[in-house]
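> Here is my input; please provide its structure:
(2 chains)
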Amino acid sequence: MQRRSALKSMAVAVGGLMALPGWASGWNRTTVQSARFLSAPQDALLADVAETILPATDTPGAKALNVHQFIQKMITDCFEPTAQETLKKGLAAVEEKARATYGKSFAEGDATQRTTLLSGLNASEDPTLKSFYSTVKNLTIRGYMTSEYVMTNLTKFEFAPGRYHGCVPVTASSKTLTEKK
Amino acid sequence: MANFAIDAVKATTYDAIVIGSGISGGWAAKELTGKGLRTLVLERGRDVRHITDYPTTMMQPWEFEHRGQLPLEIRKANPIISKCYAFYEGSAQFFVKDAEHPYVQEKPFDWIRGYQVGGKSLMWARQTQRWSQFDFEGPARDGFAVDWPIRYEDLAPWYSYVEKFAGISGNKDGLPQLPDGEFLPPHEWNCVEKYFSQKMKDHYKGSRPIIMGRAAHITKPQPIHLQQGRAQCQHRTICERGCPFGGYFSSNSSTLPWAAKTGKLTLRPHSVVHSIIYDEKKGKATGVRVIDANTKEMMEFYARVIFVNAAALNTNLILLNSTSNRFPNGLGNDSGVLGKYVAFHNYRAGISGDYDGFLDMTTDGKRPNSPYIPRFRNVFKQETDFLRGYAAGFNAGRSSYSDQSGIGADLKTSLLNPKMGGWHVGSHMMGETIPKESNYVALDAGQKDPFGIPQLKISVAYDDNDDKMVKDYLEQMTEMFTVAGFKNIRTRDDKRNPGLDIHEMGGVRMGKDPKTSMLNKWNQLHAVKNVFVTDGASMTSTSTQNPSLTYMAFAARAVDYAVKEMNKKNL
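Alright, predicted model coming up:
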């Protein structure tokens, strides 16, 4: 985390850049902020689905990193409106299948039951359920891998490398993540 | 009250006015103020001050609400600008939104604009190749457009002049078709790029050189750069958010602050230029009509000399809208060619592939530049059934990947332990389009913009020559990739619209004969000697090289001439 602190202080040093000036207000958080469309129970269920896809192990899982909030944000702002319906239908189906199959809610299921159930959606013939699963899975991966925790602690992300070497031997530390624009 | 009126005129009178604050306007401002002229720079957009007005420049990936992706609403509302590769969550603040500044597409044209202090110099791709004798001799040799009134030798010292100040990295390659400049150290090659360059040298016996791109990045700061407050490029490769280090050249980090230090600069943002005022008695331009973007109030500013650097198509618009009894068809438009012979660069085609060598080697860090394939077709003599040729970008890279098929702890392990993939290679063409009378811009009197100014009507399209060039590029590059042993070669012609190349040029072309051109060899209107055009509008032909460096050299050269003429009382 030292590197991150150093970058933060550099940001402050070059002019307090974290605050957006007035002219950029058309593009800042408050104006792009959108309404959440999931109810609290639906949101909690989405968190459990994301956690099943990327669970806590010796490192935090999707839920601890609030990946479900990122998913909802992306579906609301960056997807066609139909994606919201797909998400809601998918969540309802997950809960229904959990009760039908295991006689309890998805949240109450163990890891094996949850995993089996989600894998079943992937194999489903129902295009809505398939789309639900692939969208949630992709966004879970994206939200997790681009989270501050993962980028600063688990992967080798560099903001300003200050260098380019074209031909270096492959080593264990060669696995870099390039920044998504 | 008479005194008041005189004072008012005095307060709005300068020695020089520059319309536009982008790459060429910034240079005009720096040179004019540097020579002691009180200079007013008019910019239609808002002010963007270096560092303080780059709101996203220090943001980490996770700090972007949508991790870089733009909301659907914004993309749907901006179908044109959304096609631009550089438009994303971190850079959206610098691009003109489609609805805000409408224009008429008589033929499909994706007009990419940046209306703010610094213009597109904030978001440009920073490639700065000089033009060569083959480019300036092109129209005369190959019989299109009109002969340039200058040759490479006229511009060479001015290329050197602007290169030293702007900071251009590159290698001295000794190529007549791409002259060397005053270079800072070049960026580094990677294994596969170096291999490709060597392989092509061997196979084509030196007739298809592949070099490191020359780019406006400070790879090793010189005293002149440090004096500007600029520092070494940090290789962040997020340039289009604005660079707090001044690592690449922009008006905001370089020419405009330098001009401000002279105390002679007045920068007026929110100033939409309506037209240039022509005084028939004096036989010259006396000033500029401006609409304040905030108040919509029309006002006038006066000066002895006017530089028009509004970016190619808007420079055309302003001149077309500057009508008088003497010039009913636009300022200086005795020839009738104003707005015509617009040309651009053809970026339609690309090619990619894989390479399975060098698997024990990789890259380290990031590079804001890539190798460059100078034009090799029809350079020394005509050899194909199309005129002129294309340059191309080339790059190789290696990335990691992970198996994403699983779920649960296995998926997590896979994601956090990516494997090295193989090398990928890619190239895109930059074709020279031929200026034609039928590729034109004009005013659409029926459609006004939000300031009451006629909208620009754009009628620009590809032709057979461009189609043949696309075909040839794909054939030649496929051959070159095959010779290099690249696999899985994939070609594409994305049929994109003109404009998306962001290299629009012409309409106010230079030439020897006032009957067939607008500007003389000093970028001076033949018919209105105190008006100079030194942006892309002045280009007689387009070459294959990126044009920005040439605009900078033209601007510096034209100011030098203008001030000498002013001192001789000729202006």
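
> could you pull out the helices for the chain?
Because you didn't say which chain, this covers chain A. Ranges of helices within chain A are A:2-13, A:29-32, A:40-53, A:67-78, A:82-102, A:111-122, A:127-145, A:148-149, based on DSSP state H.

> try again with chain B
Using DSSP H, helices in chain B cover B:2-11, B:23-34, B:72-77, B:133-136, B:138-142, B:152-166, B:191-203, B:223-227, B:256-261, B:312-320, B:409-416, B:464-483, B:548-567.

> Name the residues that touch the shortest one?
Judged by Cβ atoms under 8 Å, 6 or more residues apart in numbering or on different chains, the contacts made with helix B:133-136 from elsewhere in the structure are B:148, B:150-153, B:155, B:176-177, B:379-380, B:541, B:543-545. Where C-beta positions appear, they are placed from N, C-alpha and C, glycine not excepted.

> Check stretch B:28-42 too.
B:14-21, B:25, B:255-256, B:258-260, B:262, B:264-268, B:271, B:273, B:288, B:290, B:301, B:303, B:305, B:307, B:309, B:532, B:534, B:555-556, B:558-560, B:563.

> Select only the buried ones of those residues in ChimeraX?
A single ChimeraX command selects the buried members of these (16 or more other Cβ atoms under 10 Å in any protein chain shown):
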select /B:14,15,16,17,18,19,20,21,25,255,256,258,259,260,262,264,265,266,267,268,271,273,288,290,301,303,305,307,309,532,534,555,556,558,559,563
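
> Flag the shaky bits of chain A, pLDDT-wise.
A:1-35, A:172-181 (pLDDT under 70).

> Quick check, central residue of it?
residue A:143 (2.3 Å; Cα atoms, centre = their mean).

> about what we covered before: let me know which of the helices of chain B is tucked in deepest.
helix B:23-34 (a mean of 30; mean count of other Cβ atoms under 10 Å in any protein chain shown).

> Quick one: distance of it to the chain centre.
16 Å (Cα atoms, centre = their mean, to the nearest Å).

> Could you do stretch B:198-212 as well?
Distance, centroid of stretch B:198-212 to centroid of chain: 28 Å (Cα atoms, centre = their mean).

> Same check on stretch A:127-134?
17 Å.

> which residues in the stretch 1-150 of chain B form strands?
B:16-19, B:39-42, B:104-105 (DSSP state E, counting those that start in this stretch).

> Just the C-alphas of the second one, formatted as PDB.
Right, the one you point to is strand B:39-42. Taking C-alpha atoms only, strand B:39-42 is exported to PDB below (Å, rounded to 0.1, in the frame of the first residue of the first chain):
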ATOM      1  CA  THR B  39      -1.700  39.000 -28.800                       C
ATOM      2  CA  LEU B  40      -5.300  38.000 -28.200                       C
ATOM      3  CA  VAL B  41      -6.000  34.300 -28.500                       C
ATOM      4  CA  LEU B  42      -9.700  33.500 -29.100                       C
END
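
> Each with direction, which strands does that strand pair with?
Looking at strand B:39-42 with DSSP bridges, its partner strands are strand B:16-19 (parallel), strand B:265-268 (parallel).

> With mean pLDDT as new columns, can those strands be given to me in JSON lines?
Listed next are these as JSON lines, based on pLDDT from 0 to 100:
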{"stretch": "strand B:16-19", "mean pLDDT": "98"}
{"stretch": "strand B:265-268", "mean pLDDT": "98"}
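
> Poorly predicted segments of the stretch 101-250 of chain B, please.
The model of the stretch 101-250 of chain B has no residue with pLDDT under 70.

> and it, which residues reach chain A?
B:187-191, B:193-194, B:232, B:234-238, B:244 (Cβ under 8 Å from any Cβ of the partner chain).

> Scan the residues you listed and report the most crowded one.
residue B:190 (26 neighbours; other Cβ atoms under 10 Å in any protein chain shown).

> OK, contacts around that residue?
With Cβ under 8 Å, 6+ apart, residue B:190 has these contacts: A:166-167, B:363, B:396-397.

> Filter those down to just the ones in strands.
Per DSSP state E, strands hold the following members of the contacts of residue B:190: A:166-167, B:363, B:396-397.

> The closest residue in space to residue A:113 that isn't next to it in sequence - how many residues pack around it?
Spatially, and ignoring its direct neighbours in sequence, residue A:113 is nearest to residue A:102 (5.3 Å; Cβ to Cβ, 6 or more residues apart in numbering or on different chains). With neighbours defined by other Cβ under 10 Å, the count for residue A:102 comes to 16.

> What residues does residue B:509 make contact with?
Counted by Cβ under 8 Å, 6+ apart, residue B:509 has contacts B:145-146, B:337, B:341, B:435, B:517-519, B:537-540.

> Near chain A, which residues of the stretch 401-550 of chain B? Just list them.
Residues of the stretch 401-550 of chain B lying close to chain A (Cβ under 8 Å from any Cβ) are B:404, B:407-409, B:411-412, B:415-420.

> Might you list the low-confidence residue ranges for chain B?
B:1-5.

> So which residue is dead centre in it?
Mean-position check on chain B, Cα atoms, centre = their mean. Result residue B:548 at 4.5 Å.

> Now do that one against chain A, distance only.
22 Å (Cβ to the nearest Cβ, to the nearest Å).

> what does residue B:474 give?
27 Å.

> isn't that residue right up against residue B:349?
Yes - Residue B:474 is within contact range of residue B:349, at 5.5 Å (criterion: Cβ atoms under 8 Å).

> Spit out the residues that contact the two alike.
Common neighbours of residue B:474 and residue B:349 (Cβ under 8 Å, 6+ apart) are B:491, B:493.

> didn't residue A:68 look like it was pressed against residue A:46?
Yes - with contact defined as Cβ under 8 Å, residue A:68 reaches residue A:46; the gap is 4.4 Å.
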